[in-house]
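**Q** Dropping the sequence and predicted coords here.
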Amino acid sequence: MPSFRALRALGFGASATAFVDRLGVLGPDCHIAHGVYMTAADRALLRARGTAVALCPRSNAVIGLDPPPVADYLREGSPIAIGTDSLSSSPSLDLMADVTALHRIARAQGYGHRDLHERLLSAATLGGAHAMGLAVGPDRIGHLAVGARADLAVFDVDARTVPDALAELVEDGAGRASATVIRGVVRAVDGALTGVPASSPDRPARPVIPVEES
């Protein structure tokens, strides 16, 4: 393949990150998956290029990789997102389980700042939209703002204050999504899909539930 030929011709003596940068790959229009074996120089290069990193810690553990240097990414201000990879290497596609794993890893790596819950939740929402190029424009997602698309996930938590709710979501949010809203329409409630066409062979149709705008 051309990429392998380029690697043989140019790749020696450079990290994988520096190598793909030499090929003109890095930039704000792409993102790096996993980002486990990144030196400080690699991470600085990604920041200089505006390239985000999607961290998939549970997948890394299953296939025998080291944990990602999430504490370094956070301390240095690198743009990060959170992913599940796929069911071929991850126990589930529950994104909040990976958020919880990253919280545990960050603390073990010595990240002690009080903003950890907020920053990890941001990485799971706006960070993912940014990595995919979907955080700007008329159909933007990833945050609550005038003009942004009404894509929401609703979680059942016991906390009664915002800081406690953030902590509960980040540290124990897996399996607690009670509803999913896409483009202002409820598409799932308690794990069951809504609005499925009547012709679906797998399940009967359920009503589509619109979200009232305030």
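**A** It's in.

**Q** Could I get the contacting residues of residue 67?
**A** For residue 67, the contacting residues are 36, 57, 60-61, 105, 108-109, taking Cβ atoms under 8 Å, 6 or more residues apart in numbering as the criterion. In short, each C-beta sits where N, CA and C put it, glycine included.

**Q** and the gap between it and residue 193?
**A** Computed as Cβ to Cβ, to the nearest Å, the residue 67 to residue 193 distance reads 34 Å.

**Q** Flag the shaky bits of the protein, pLDDT-wise.
**A** With pLDDT under 70 as the threshold, the chain has low-confidence stretches at 1-12, 195-214.

**Q** what does the longest helix seen in it contact?
**A** When the chain is parsed with DSSP state H, its longest helix is helix 95-108. Residues from elsewhere that reach helix 95-108 (Cβ under 8 Å, 6+ apart): 55-58, 61, 67-68, 70-71, 74, 82-84, 90-91, 116-117, 120-121, 123-124, 155, 169-177.

**Q** what's the spacing between the very next helix or strand once past it and its chain's center?
**A** Proceeding C-terminally, helix 95-108 gives way to helix 116-124 as the next helix or strand, assigned by DSSP states H and E. On the basis of Cα atoms, centre = their mean, to the nearest Å, helix 116-124 is displaced by 10 Å from the centre of the chain it belongs to.

**Q** mind listing the helices for this structure?
**A** 2-10, 16-22, 40-49, 57-62, 70-76, 95-108, 116-124, 126-131, 162-172.

**Q** Find the residue at the geometric middle of the protein.
**A** Nearest to the centroid of the C-alpha atoms of the chain, with distances taken as Cα atoms, centre = their mean, sits residue 82, at 2.3 Å.

**Q** got a list of what the residue nearest to it when sequence neighbours are not counted touches?
**A** Leaving aside its sequence neighbours, residue 82 sits nearest to residue 124 (Cβ to Cβ, 6 or more residues apart in numbering; 4.6 Å). Taking Cβ under 8 Å, 6+ apart as the criterion, residue 124 is in contact with 81-82, 95-96, 98-99.

**Q** roughly how far apart are residue 124 and residue 77?
**A** The gap separating residue 124 from residue 77 is 17 Å, by Cβ to Cβ.

**Q** What of residue 56?
**A** Distance of residue 56 to residue 77, computed by Cβ to Cβ: 21 Å.

**Q** quick one on the thing from earlier: what comes up buried for the longest helix of the chain?
**A** Within helix 95-108, the residues scored as buried using 16 or more other Cβ atoms under 10 Å are 95-103, 105-106.

**Q** May I see the residues you listed organised as JSON lines, with distance to residue 135 added?
**A** Shown next, in JSON lines, are the buried residues of helix 95-108 (distance: Cβ to Cβ, whole Å):
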{"residue": "95", "distance to residue 135": "17"}
{"residue": "96", "distance to residue 135": "20"}
{"residue": "97", "distance to residue 135": "23"}
{"residue": "98", "distance to residue 135": "20"}
{"residue": "99", "distance to residue 135": "18"}
{"residue": "100", "distance to residue 135": "24"}
{"residue": "101", "distance to residue 135": "24"}
{"residue": "102", "distance to residue 135": "20"}
{"residue": "103", "distance to residue 135": "23"}
{"residue": "105", "distance to residue 135": "25"}
{"residue": "106", "distance to residue 135": "23"}
